[in-house]
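1. using only what follows, build the 3D model:
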Amino acid sequence: MGLGTMSWGARTSANDALAMLKAFHWKGGTLIDTASAYGFGEVESMIGRFLSTSIRRDEVVLSTKSGFVLRGDQRVIDNSRTTLLADLEGSLRRLRTDRVDLWQVHAWGDTPLDETLAAADEAVARGMARHVGVSNFVGWQAAQAHTWQRALRRTPVVSVQAEYSLLARRAELELLPCVIDLGMGFFPWSGLGRGVLTGKYTDSIPRDSRGDDPRMAWFVDQYLDEGSRRIVQAVVTAADGLGLSPAQVAWIWVRDAPGVTAPLIGPRDLDQLAPLLAVDEIQLPEPIISALDDVSGGPNQSRALDAR
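-> As a prediction, this is how the structure comes out:
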């Protein structure tokens, strides 16, 4: 499991964030994932304070992303070498560290790929990052970045981060086969279907949820259609039969899916995080996995690749 931090500062107070980080760390969690764009840098500053006062920096795997920057009042993708390295330097200052363990290009952009990856080479050479990865790349983009660096014997692109859940299985079409075949790490985000797979949207939109927030409703709306409801109902039925919550069932499914290294969870508070920490040793029965695969799009073809 990786602890995602996108909601920190906006929907999660500093006290709640610290409580989650401590519980996550106590349970053995190490991966903290953030980005310079989260809260316009405030989330990284929050993490930097926590790592200076509450948890030792060398006890966590620290991951951040660069490339989303402000131009006036617009957030744009700028993957130029100068912007990426300046973005990373700002991240290091806010995180109060001299290097991150994984530095990721936040999204595919218009900058020539060679220039973007040259920034990755320089970041590693200067000791600002130990490893580099990409985020929100589709399969051909991730494959191009990985093979470009390998062909030129430059800094390897070791990982990909993308959305993946029972409600978003697009990654299985080409991204997961790419990841498995090239031996890259895969860090899914929104493994709970942007919160919809918890079952809380079954009858209505709960007050104070993302779906109830005018700024975030778009993030949830696309998963409130009839097809998504059928998938959620299947998760609820499986949860009832297993004595688990729908969130736990959906989480275990994505955690144990082929090619997954560590899914990223972005809970708002400890009440949301604790049930997921509690299923560390639980696996879903194969008939349940098959049934959930079938209702959400069909058999997972990556299982054969992963078995290799």
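2. how about the strands of the stretch 201-308 of the chain, start to end?
-> 264-265 (DSSP state E, counting those that start in this stretch).
3. where does it dip in pLDDT?
-> For the stretch 201-308 of the chain, applying pLDDT under 70 flags the ranges 204, 206, 208-218, 304-308.
4. and with 90 instead?
-> 201-224, 300-308 (pLDDT under 90).
5. and the helices in it?
-> 217-221, 226-242, 246-255, 270-277, 286-295, 302-307 (DSSP state H, counting those that start in this stretch).
6. point out the most buried one among these.
-> helix 246-255 (a mean of 24; mean count of other Cβ atoms under 10 Å). For glycine as for every other residue, the C-beta is placed from the backbone atoms N, C-alpha and C.
7. which residues are contacting that one?
-> For helix 246-255, contacts defined as Cβ atoms under 8 Å, 6 or more residues apart in numbering pick out 1, 164-166, 188, 191-193, 197-199, 232, 235-236, 238-239, 242, 244, 260, 263, 265, 272, 275-276, 278-279, 282-284, 288-289, 292.
8. ok, now stretch 264-272?
-> With contacts defined as Cβ under 8 Å, 6+ apart, stretch 264-272 is touched by 1-7, 11-12, 16, 19-20, 23, 31, 33, 161, 187-192, 247, 251, 273, 276.
9. end to end on that stretch, go ahead and measure it.
-> 13 Å (Cα to Cα, to the nearest Å).
10. check stretch 267-281 too.
-> Stretch 267-281 has an end-to-end distance of 20 Å (criterion: Cα to Cα).
11. tell me where the model's unsure across the stretch 51-200 of the chain.
-> Scanning the stretch 51-200 of the chain for pLDDT under 90 picks out the ranges 69-75, 200.
12. let's see that with 80 instead.
-> By pLDDT under 80, the low-scoring segments of the stretch 51-200 of the chain are 70-74.
13. returning to what we had before: in ChimeraX, how would I select just the buried ones from the contacts of stretch 264-272?
-> To isolate the buried ones among these in ChimeraX, judged by 16 or more other Cβ atoms under 10 Å, type:
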select :1,2,3,4,5,6,7,11,12,16,20,31,33,161,187,188,189,190,191,192,247,251,273,276
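14. of the helices of the stretch 201-308 of the chain, give the one that comes closest to Arg96.
-> Closest to Arg96 of the helices of the stretch 201-308 of the chain is helix 270-277 (Cβ to Cβ; 23.8 Å).
15. of the contacts of stretch 264-272, which belong to strands?
-> Of these, the ones assigned to strands by DSSP state E are Gly2, Leu3, Gly4, Leu31, Asp33, Gln161, Phe187, Pro188, Trp189.
16. how about CSV for those residues, with distance to Ser296 added?
-> What follows is the ones in strands among the contacts of stretch 264-272, written out as CSV (distance: Cβ to Cβ, whole Å):
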residue, distance to Ser296
Gly2, 23
Leu3, 25
Gly4, 22
Leu31, 26
Asp33, 25
Gln161, 21
Phe187, 20
Pro188, 14
Trp189, 17
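17. of these, closest to Leu51?
-> Leu3 (12.7 Å).
18. test my guess that the closest one contacts Thr30.
-> No: the pair formed by Leu3 and Thr30 falls short of the contact definition of Cβ atoms under 8 Å, at 9.0 Å.
19. distance to Ser52 added to the helices of the stretch 201-308 of the chain, as TSV?
-> What follows is the helices of the stretch 201-308 of the chain, written out as TSV (distance: least, Cβ to Cβ, whole Å):
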stretch	distance to Ser52
helix 217-221	32
helix 226-242	40
helix 246-255	31
helix 270-277	22
helix 286-295	42
helix 302-307	39
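20. out of those helices, the one nearest Asp110 is which?
-> Using Cβ to Cβ, the helices of the stretch 201-308 of the chain put helix 217-221 closest to Asp110, at 23.8 Å.
21. secondary structure element for Val132, which one?
-> Following DSSP states H and E, one finds Val132 within strand 129-135.
22. note down every partner strand of that strand and its orientation.
-> strand 100-105 (parallel), strand 157-163 (parallel) (DSSP bridges).
23. and the angle from whatever helix or strand comes next after the shortest one to strand 157-163?
-> If I follow you right, that is strand 100-105. Downstream of strand 100-105, the next assigned helix or strand under DSSP H and E is helix 113-125. Helix 113-125 runs at 110 degrees relative to strand 157-163, counting by axes from the mean of the first three to the mean of the last three Cα atoms, to 10 degrees.
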